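Chemist: after the sequence you'll find the predicted model.
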Amino acid sequence: MNALRVVSAGFAPTLQDFGRPHVQNLGVPPSGALDTTALRIANALVGNPADTAAIELRVIGPTLEVASDAVRVALVGTSATLEIMGERRVEAPSHQSIRLTRGRRFRIGGLSDTGVAYLAVEGGFAIEPVYASLSTYVRARIGGVDGRALRDGDALPLRVERAEERAERRCTDLSWRRENGPIRVILGPQDDHFTADSLEAFFSGEYTVTREADRMGMRLDGPVLKHARGHDIVSDGIVTGAIQVPGNGRPIVLLADHQTTGGYPKLGAVISADVPRLGRMKPGDALRFAAVSVEQAEAARRVLEERTARAIEWFGSAEPWLDEDALYGRNLVSGIVGSTESVP
Amino acid sequence: MTETTSAPRVLPRFLSAGDTALVVEFGETVDPVVNRRVMQLGDAARAAEIPGLVDLVPTFRSLLVHYDPLVTSRGAVEASLRGLLSDRDSEAKEGRLWEFPTLYGSEFGPDLEDVAKRTSLTPERVVELHAGTDYKVYMMGFMPGLAYLGIIPKELELPRRSEPRVRVPAGSVSIAINLTNVYSDESPGGWHLLGRTPVRLFDLQRDPPILLAAGDRVRFRSVAKDAYDDLAERVKSGDTSFHPVDAGESA
């Protein structure tokens, strides 16, 4: 079998693609990548269609071993490196493709600069989709590998047995990672359930992502909001990015694994152009909100799509990874890999 | 505007849900008339094949319309939906009718006695009332495959349990307020458990994995332990197929 073997899983990585948003009418959460921009770029680097499932990494990355002739991978969304294990420690930078041959082990360490990153593999995984998606929804054991996060010893079957040699690519435009304006929000559908003072406080105050943050949503610390008409409503539908406020007045921003319906008033929803930014946030990060119109949100989304397409169009070429023998033989370790290598 | 129905109809509210969805709200309560309008618009929108539509999620009182903002826009989707509203006076489609064999009471329905006590009915009468009504799937939600069914006979109405259970087994048939449901998977839950059905509402090995859909009709049939065990045995051996007793008006 052609596989990527999980030597050590790290912090519960899951397979994610664009999810299954079309079966919310059956009560199935949409799931899918928290940061779809990073997923698109990772897939483009290894030559995959944009919606191919990749490994979504949070907190601490895994150690993996190549159990096929050759794989091509790309790590995107973090400045953490891909550490190729061997006699010497060699680090390949993120945001570029790299080809690794059978038996090679590599490790991705702590992700201190982001809430989420992606490891895409050329060709993707040979796993049966559930409702047309490989996305993992752990709570109902749907998708991915047996509906769960990856664990030590898993073998992820690959569609491509041998990634052919070709020029490696590098994403040089990382401006999409650095957006830091306020998170934009469209009011509704239950903004009229809040006092005017609370709405004012929500948009003028600063919030912090608490430790209660996962793929389902993140609880925020900051100005406490007051309901004007009680905090229970007859359940209605929920979208990704919805900001719901339970009785304690502390907002929760709902992410990809959100339930499809719910009974708390929703002040507004983060616009789709800014949802990937939420995914990148981690506990302790500060954020502010700004209200925008639907038309502004639609324009912002088009801008994001254009910027992502441009980042992909502008891919440069990357240094190839030469195997260790070649590196030693030519005694060119520092010369070729340059600043990306650190000698122990 | 002209309406062909005799009763004056209040137009729904179109509310924002970000830039990828909008809510068409017909009311703010659990009400059969409100829900029927939700279902009618949902059926019409599905049939109309509005470009860029991703999903339609009917709830008790509103329709959430998910769309792809790169294919269409809020303005275009709202215009299409308004067009579908204006010439409606048809009944909602009759959904499929399901009959779930249910074993009431004992450890399968640990709250039956308590419900009887609190409603001043005998356990037998509670079962008779619960199994003697046809319900409609008002909405799907809470977890994959879970259906909110209504409306239960008034005599059975009770608030949710003050202490929710940490684990409610899959297949549990329960009531709360004016609704009833079947837990599609094991989960925490605060509803009163009257019985259990061996029918699996959610099974990834089956095609399709999820049995019910909004608009379907459901009735419960009280069965003895033997009949329950027979079906439970079949399900356990991997045969989770189950079919409606009436196919309804297909889409």
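Modeler: Perfect, thanks for sending it.
Chemist: can you show me the strands along chain B?
Modeler: Taking DSSP state E as the criterion, chain B contains strands spanning B:13-16, B:21-25, B:53-58, B:62-67, B:97-104, B:135-140, B:147-150, B:165-168, B:172-176, B:179-182, B:187-189, B:192-196, B:217-222.
Chemist: let's have those strands in a markdown table, adding mean neighbour count.
Modeler: Just so you know, the C-beta spots here come from the backbone N, C-alpha and C atoms, and that holds for glycine as well. Formatted as a markdown table, the strands of chain B follow (neighbours: other C-beta atoms under 10 Å in any protein chain shown):
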| stretch | mean neighbour count |
| --- | --- |
| strand B:13-16 | 18 |
| strand B:21-25 | 25 |
| strand B:53-58 | 23 |
| strand B:62-67 | 26 |
| strand B:97-104 | 22 |
| strand B:135-140 | 25 |
| strand B:147-150 | 24 |
| strand B:165-168 | 13 |
| strand B:172-176 | 23 |
| strand B:179-182 | 24 |
| strand B:187-189 | 17 |
| strand B:192-196 | 27 |
| strand B:217-222 | 19 |
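Chemist: quick one: closest of these to chain A.
Modeler: With C-beta to the nearest C-beta, the closest approach to chain A among these belongs to strand B:62-67: 2.7 Å.
Chemist: mean confidence (pLDDT) on that closest one, please.
Modeler: Throughout strand B:62-67, pLDDT has a mean value of 98.
Chemist: tell me the angle that strand makes with strand B:53-58.
Modeler: When axes from the mean of the first three to the mean of the last three C-alpha atoms, to 10 degrees is applied, the directions of strand B:62-67 and strand B:53-58 differ by 170 degrees.
Chemist: with only the CA atoms kept, save strand B:62-67 in CSV.
Modeler: The C-alpha trace of strand B:62-67 is given here as CSV (Å, rounded to 0.1, in the frame of the first residue of the first chain):
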residue,chain,number,x,y,z
SER,B,62,-37.7,30.0,9.4
LEU,B,63,-35.9,28.8,6.3
LEU,B,64,-32.1,29.3,6.2
VAL,B,65,-30.9,29.5,2.6
HIS,B,66,-27.2,28.9,2.1
TYR,B,67,-25.7,30.1,-1.1
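Chemist: what parts of the stretch 1-150 of chain B come near chain A?
Modeler: Contact residues, the stretch 1-150 of chain B versus chain A (C-beta under 8 Å from any C-beta of the partner chain): B:15-21, B:23, B:25, B:28-30, B:54-64, B:66, B:69-70, B:73-74, B:139-148.
Chemist: switch the cut-off to 7 Å
Modeler: By the rule C-beta under 7 Å from any C-beta of the partner chain, the part of the stretch 1-150 of chain B lying against chain A is B:15-21, B:23, B:28-30, B:54-62, B:64, B:66, B:69-70, B:73-74, B:139-146.
Chemist: domain ranges for chain B, per the record?
Modeler: Residue ranges for the domains of chain B, per automatic domain parsing: B:13-84, B:97-236.
Chemist: any chance of those domains in a markdown table, with distance to residue A:134 too?
Modeler: Formatted as a markdown table, the domains of chain B follow (distance: least, C-beta to C-beta, whole Å):
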| stretch | distance to residue A:134 |
| --- | --- |
| domain B:13-84 | 18 |
| domain B:97-236 | 13 |
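Chemist: number of residues surrounding residue A:295?
Modeler: Residues lying near residue A:295 (other C-beta atoms under 10 Å in any protein chain shown) number 12.
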